[in-house]
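Sequence and predicted structure below; questions after.
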Amino acid sequence: MYTMEDNENIIIENQNELEIEWQEEDQIYPMDGIKVDKGFYTVFELKRRFDSKEKRIILDSEFQREDVWKYDRKSELIESVLMGLPLPIFYFNQDKYGKLIVVDGRQRLTALFEYLNDTYPLTKLKILPKLNNLRFSQLPPHLAGRLEDYQIQAHVILPPTPERIKFDIFDRVNRGGMQLNKQEIRNALYQGEATRFLKKMVESDAFIKATGNAFANEKRMKDKYLITRFVSFLLYKLNYLEDDEGNPYEYHDDVDDILGRGMDALNRLGKTESKDITDLESLVKSALEKSFFYLGEDAFRLKQGGRRNPINMNVFETVMFMMTWISGMDERLKRSVQEKYHELVNSEIFKDNIGNHRDSEAKLEWRLEKAIQIGKTLSNTALGR
């Protein structure tokens, strides 16, 4: 089995939490939590959804689970469809807005849609060689209709299926390629404003400086995981997260659940409140800039015996919360900020807080509230209150 630390430098502490490793007891799902339906879709119907203004089927993602198909392989797929042969089952994830995100079958759908767009002619067909060199618009009408009317079978993961079940399903159908980590799966399941936001944040000068360019060669989205945690916790404290009924979300020890809801909230804000997304971008960048200004490029690392440790994700979100509630950058405040920071991260209660069960409800709430309290106190000090 692939592990994230194979042949890699450890960039963030406890990065193994991104891996999908189910314990036996974790695989006992409540039956009412598993919502997977069987569906049949014609190629024409899926193409219409894909071409719609709202993009009601999502194919693209920032990673490739397999090499892009060459035209002879795409042609072979079209030939199979024209012959009426069954294709392997497709897997979709349906979001709360009714969009279908392709979990497994992206290359096959891409080949079908591109052929319908006349992107390539058929080539190297073995059973239907008379169709070689023909594009879709050149097919005899009865064959064009057969292609459009062909029905594919799909298993559709329906909301509100819990995040851990989605991860497990995604992992099972993807075992033929590189095993994905949780953040990579989130990146596929929540395509849209959320993925654009995360990409923009980790590529910003503010993030690069504040983390000491630690993620320069990152390819497994650990940098996006840090930002996802901070932003999800921030949106949670600001009451932007919703439960399955649209009510204010309550956190109960399931960090994967809150991160999924954070990604969903980003997509929701992108649909309805573009100003909120812009304000959030400014807020995150400002917190990163203040972290670097007050604490330097090692702000998110715990120091032990003079050794430079990896970035600590819990220190990252704690410092970022502190900086969110500190007003501006003031040279006169630097010493006070550094003293409060060192006092907190070196305290036994903080070390215990980021130890076992670090993402439990009690420990997460303590960490975030403590950071907010320190940030507000420092801001009041700066204002002479």
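Received it, and whenever you're ready, just let me know what you need.

Determine how far the worst-scoring helix or strand of the chain on mean pLDDT lies from the middle of the whole chain.
Sorting the helices and strands of the chain by mean pLDDT, DSSP states H and E puts helix 163-173 at the bottom, at a mean of 78. Put simply, helix 163-173 sits 14 Å off its chain's centre (C-alpha atoms, centre = their mean, to the nearest Å).

got it, and stretch 36-53?
Averaging C-alpha positions (C-alpha atoms, centre = their mean) puts stretch 36-53 24 Å from its chain's average.

Go through stretch 289-309 and flag the buried ones.
Residues of stretch 289-309 classed as buried: Glu289, Lys290, Ser291, Phe292, Phe293, Tyr294, Leu295, Ala299, Phe300, Arg301, Leu302 (neighbour count, 16 or more other C-beta atoms under 10 Å). Any C-beta I mention is one placed from the backbone N, CA and C, and that applies to glycine too.

Let me see the mean pLDDT of the host helix or strand of the third one.
So that's Ser291. Assigned by DSSP states H and E, Ser291 belongs to helix 274-295. On average, the pLDDT along helix 274-295 is 92.

got it, and stretch 184-202?
If you average the pLDDT over stretch 184-202, you get 90.

got a list of contacts for it?
For stretch 184-202, contacts defined as C-beta atoms under 8 Å, 6 or more residues apart in numbering pick out 20, 58, 60-63, 93, 95, 101, 103, 166-167, 170-171, 180, 207, 215, 220-221, 223-224, 227-228, 231, 259-260, 262-264, 266-267, 269-271, 277, 280-281, 284-285.

on that earlier part again, helices and strands around the helix holding Ser291, which ones?
If you count contacts as 3 or more C-beta pairs under 8 Å, 6 or more residues apart in numbering; DSSP states H and E, helix 274-295 packs onto helix 193-202, helix 205-210, helix 222-237, helix 255-272, helix 313-324, helix 334-345.

Could you dump those helices into CSV with distance to Gln151 and mean neighbour count added?
Formatted as CSV, the helices and strands packed on helix 274-295 follow (distance: least, C-beta to C-beta, whole Å; neighbours: other C-beta atoms under 10 Å):
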stretch, distance to Gln151, mean neighbour count
helix 193-202, 30, 20
helix 205-210, 46, 19
helix 222-237, 37, 23
helix 255-272, 30, 21
helix 313-324, 45, 24
helix 334-345, 58, 16
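
Test my guess that Lys340 contacts Ile374.
Yes. Counting by C-beta atoms under 8 Å, Lys340 touches Ile374, with 5.3 Å between them.

what is in contact with these two at once?
Shared contacts of Lys340 and Ile374 (C-beta under 8 Å, 6+ apart): Met322.

and of the helices and strands packed on helix 274-295, who's closest to Thr42?
helix 255-272 (27.6 Å; C-beta to C-beta).

what's the spacing between the closest one and its chain's center?
Relative to the chain's own centre, helix 255-272 is displaced by 10 Å; criterion: C-alpha atoms, centre = their mean.

helices or strands up against that helix?
In terms of contacts (3+ C-beta pairs under 8 Å, 6+ apart), helix 255-272 is packed against helix 163-173, helix 182-189, helix 193-202, helix 222-237, helix 274-295.

which residues of the stretch 51-200 of the chain fall in helices?
With DSSP state H, counting those that start in this stretch, the ranges of helices along the stretch 51-200 of the chain come out as 71-83, 106-116, 141-149, 163-173, 182-189, 193-202.

what's the closest of the ones you listed to His357?
Nearest of the helices of the stretch 51-200 of the chain to His357, taken as C-beta to C-beta: helix 163-173 at 16.8 Å.

Now that closest one: buried residues?
In helix 163-173, counting by 16+ other C-beta under 10 Å, buried: Glu163, Arg164, Ile165, Lys166, Phe167, Asp168, Ile169, Phe170, Asp171, Val173.

Out of those, which is nearest to Arg307?
Compare each of the buried residues of helix 163-173 with Arg307 using C-beta to C-beta and the shortest gap goes to Phe167, at 33.5 Å.
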